[in-house]
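1. Based on what follows, work out the 3D shape:
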Amino acid sequence: MDFKLSATDSKTKARSGVLNTDHGEIKTPIFMPVGTAGSVKAVHHRELVDDITAQIILGNTYHLFLRPGIETLEEVGGLHKFINWQKPMLTDSGGYQVYSLSGTRKITEEGVKFASHIDGSKHVFSPERAIDIQRSIGADIIMAFDECTPYPCEYEYAKNSMHMTHRWLDRCIEQMNSTEPKYGHNQALFPIVQGSVYKDLRKQSAEYIANKNAFGNAIGGLSVGEPHEELYAMTELVCDILPTDKPRYLMGVGTPANLLECIALGVDMFDCVLPTRNARNGQLFTSEGIINIKNKKWEKDFSPIDENGTTYVDQYYSKAYLRHLVTSREMLGAQISSIHNLGFYLWLVGEARNQIEAGTFSEWKDKMMPNITRKL
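-> Next comes the predicted model:
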């Protein structure tokens with residue numbers, strides 16, 4: 001694997017680059033659709049490749065561990081083969097899902113004991129186990145095991161959690177170095193910066209992670225309820241410390257406006273369930289603004305979903321028809337909305353890349369921000 005910068009913006013910290021993996025290249029900045037259980041909800045692979053032009057998708061270690069299970073994935077030859085996905089893939093370590101199971105888990109230095117949300121069965125994730133599971137899943141990029149702290153979070157808790165995450169990282173690195181990929185392609189480990197919204201902790205964590213000289217680095221523990229100002233402040237602080245020649249991945253972010261602001265701060269990679277989750281509830285993101293397709297104002301609007309859209313659904317279906325599907329709870333409504341939103345997200349980061357390379361990113365961003373944040 002390797003990562004090469006292509007261009008940097010003169011007025012912001014935005015940059016474009018190319019991340020090469022054994023399953024193909026990824027042009028950054030990039031948004032990665034979330035395929036929690038081996039499926040990007042309501043979207044076929046054909047649409048991901050041909051219409052949305054996704055370059056990489058995510059899998060979820062916690063969910064895949066529970067279903068279909070590691071034995072099944074190993075028998076078929078990994079998640080790529082199981083879901084017939086030929087492009088790059090990233091898996092998280094399960095840390096965020098464990099964070100979300102606050103009522104049924106116990107965190108110790110050894111790892112996390114938790115109860116399955118499916119059947120209540122008891123399991124343990126340690127840093128070593130998280131690496132072993134991700135070896136079996138077979139993603140190109142895998143994440144170190146960490147604790148994602150909540151917001152708000154007391155300083156002492158955030159500090160102790162950060163140091164434990166660092167100790168867990170050292171164990172993840174040791175486990176990576178003592179094991180081999182299982183399916184003939186390379187895997188890269190990304191450490192995760194933590195520290196909640198405390199500047200001194202974020203600085204300390206970013207410096208610790210930077211010194212590990214990993215292939216790439218991630219920023220975690222944000223987009224958990226903190227104000228956008230805190231999100232941007234912590235992201236800028238960390239990006240200023242992490243090495244410039246490594247890809248930077250901001251986990252779980254976010255809205256279209258979040259993406260543009262954080263690209264301007266030097267982030268290369270994003271993921272979030274928001275475009276597909278909100279699509280299923282009738283919220284559409286467009287280059288002209290945000291649409292709640294359930295609103296009565298769209299009932300007899302027979303214009304295309306998005307006249308500037310880049311996917312076939314944007315021109316093929318009308319707002320009125322999509323409103324009918326969504327309010328009728330037809331599955332096709334969720335599918336069309338998801339394809340549109342993911343297509344818009346991929347268009348947005350792709351256009352950001354074009355503008356960075358043309359030297360016009362800052363002006364373009366200033367023009368786009370009012371459009372993508374207003375409600376239609």
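2. what residues are up against residue 30?
-> Contacts for residue 30 (C-beta atoms under 8 Å, 6 or more residues apart in numbering) come out as 19, 55, 56, 268, 269, 270, 349. Heads up, the C-betas are built off the backbone N, CA and C, glycines and all.
3. Next, the contact list for the fourth one, please.
-> Okay, so that is residue 268. Counted by C-beta under 8 Å, 6+ apart, residue 268 has contacts 15, 17, 19, 28, 29, 30, 247, 248, 249.
4. ok, now how distant is it from residue 18?
-> To residue 18, residue 268 is 10 Å away according to C-beta to C-beta, to the nearest Å.
5. shared neighbours, those two?
-> With C-beta under 8 Å, 6+ apart as the test, residue 268 and residue 18 both reach residue 28.
6. need the longest helix for the chain.
-> Longest among the helix segments of the chain by residue count, using DSSP state H, is helix 331-358.
7. mind checking how far that one is from the chain centre?
-> Distance of helix 331-358 from its chain centroid, counting by C-alpha atoms, centre = their mean, to the nearest Å, is 14 Å.
8. Tell me the buried residues in that helix?
-> Within helix 331-358, the residues that count as buried by 16 or more other C-beta atoms under 10 Å are 333-353, 355-356.
9. what sits up against the next helix or strand after it?
-> Sequence order places helix 361-373 as the next helix or strand after helix 331-358, per DSSP states H and E. Applying C-beta under 8 Å, 6+ apart, the contact partners of helix 361-373 are 9-12, 14, 256-257, 260, 263-264, 285-290, 348, 351-352, 355.
10. angle of helix 361-373 against helix 331-358?
-> Inter-element angle recorded for helix 361-373 and helix 331-358: 160 degrees (by axes from the mean of the first three to the mean of the last three C-alpha atoms, to 10 degrees).
11. Let's see helix 361-373 as PDB, backbone CA atoms only.
-> Only the C-alpha atoms of helix 361-373 are listed here, as PDB (Å, rounded to 0.1, in the frame of the first residue of the first chain):
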ATOM      1  CA  PHE A 361     -11.300  24.900  -3.600                       C
ATOM      2  CA  SER A 362     -11.700  27.800  -1.200                       C
ATOM      3  CA  GLU A 363     -13.900  29.900  -3.500                       C
ATOM      4  CA  TRP A 364     -16.000  26.900  -4.500                       C
ATOM      5  CA  LYS A 365     -16.500  25.900  -0.800                       C
ATOM      6  CA  ASP A 366     -17.700  29.400   0.100                       C
ATOM      7  CA  LYS A 367     -20.200  29.300  -2.700                       C
ATOM      8  CA  MET A 368     -21.400  25.700  -1.800                       C
ATOM      9  CA  MET A 369     -21.900  26.100   1.900                       C
ATOM     10  CA  PRO A 370     -25.100  28.300   1.800                       C
ATOM     11  CA  ASN A 371     -26.600  25.900  -0.800                       C
ATOM     12  CA  ILE A 372     -26.000  22.600   1.000                       C
ATOM     13  CA  THR A 373     -27.100  23.900   4.400                       C
END
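12. Tell me the buried residues within the contacts of helix 361-373.
-> Buried among those (16+ other C-beta under 10 Å): 9, 12, 14, 256-257, 260, 263-264, 285-287, 290, 348, 351-352, 355.
13. okay, which residue of the chain is out on the far edge from center?
-> residue 300 (35.7 Å; C-alpha atoms, centre = their mean).
14. Quick check: it is in a strand.
-> No: read with DSSP: H, G, I helix; E, B strand; the rest coil, residue 300 is coil and lies in no strand.
15. ok, now which ones touch the closest residue to it other than its chain neighbours?
-> Spatial nearest neighbour of residue 300, excluding adjacent residues (C-beta to C-beta, 6 or more residues apart in numbering): residue 320 at 5.7 Å. Residues near residue 320 by C-beta under 8 Å, 6+ apart: 298, 299, 300, 301, 302.
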